[in-house]
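Chemist: Sharing a sequence plus its predicted fold:
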Amino acid sequence: MKLVNIGFGNLISPMRVLAIVSPESAPIKRLGQEARERGVLIDASFGRKTQSVLVLDSGHVVWSALTCEEIGQRFEQAKDSKD
């Protein structure tokens, strides 16, 4: 199983990620708040500004300080190295 760094040494399996979205819109902010209340929010931003939100197939929501583009590039690199 290939793991991808989403910042600050935090690793995630790309196979579990359904979406990588920007945290700027109200629905995504609400998604993060609801995940916090349900206890399924993983804050991997280490106190820095959240640049992207990853939605996992398990219902967990992950905040990252890396941009959506950076994480997408890392996912593509992981996919290319697997082939």
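Modeler: Great, that's in hand. Numbers count the residues shown, from 1 in each chain.

Chemist: All the helices of this structure, in order from the start?
Modeler: In the chain, helices defined by DSSP state H lie at 26-38, 68-82, listed in chain order.

Chemist: now the longest one: how far from the chain's centre is it?
Modeler: It stands for helix 68-82. Relative to the centre of its chain, helix 68-82 is centred 13 Å away, using Cα atoms, centre = their mean, to the nearest Å.

Chemist: ok, now stretch 19-26?
Modeler: 10 Å.

Chemist: Same check on stretch 57-74?
Modeler: 2 Å.

Chemist: Of all the residues in that stretch, which ones are buried?
Modeler: 60-66, 68, 70-71, 74 (16 or more other Cβ atoms under 10 Å). (C-beta placed from N, C-alpha, C; glycine too.)

Chemist: Thr50: which of these is nearest?
Modeler: Distance to Thr50 across the buried residues of stretch 57-74 (Cβ to Cβ) is lowest for Trp63, with 4.4 Å.

Chemist: quick one: the closest one and Leu41 touch, right?
Modeler: Yes: using Cβ atoms under 8 Å, Trp63 and Leu41 qualify as a contacting pair, with a distance of 7.1 Å.

Chemist: Would you mind listing the residues touching both of these two?
Modeler: Gly32 (Cβ atoms under 8 Å, 6 or more residues apart in numbering).

Chemist: so how far is Arg30 from Trp63?
Modeler: 14 Å (Cβ to Cβ, to the nearest Å).

Chemist: Check the residue nearest to the spatial centre of the chain and give its pLDDT.
Modeler: Central residue of the chain (Cα atoms, centre = their mean): Leu54, 2.9 Å from the mean position. At Leu54, the model reports a pLDDT of 98.
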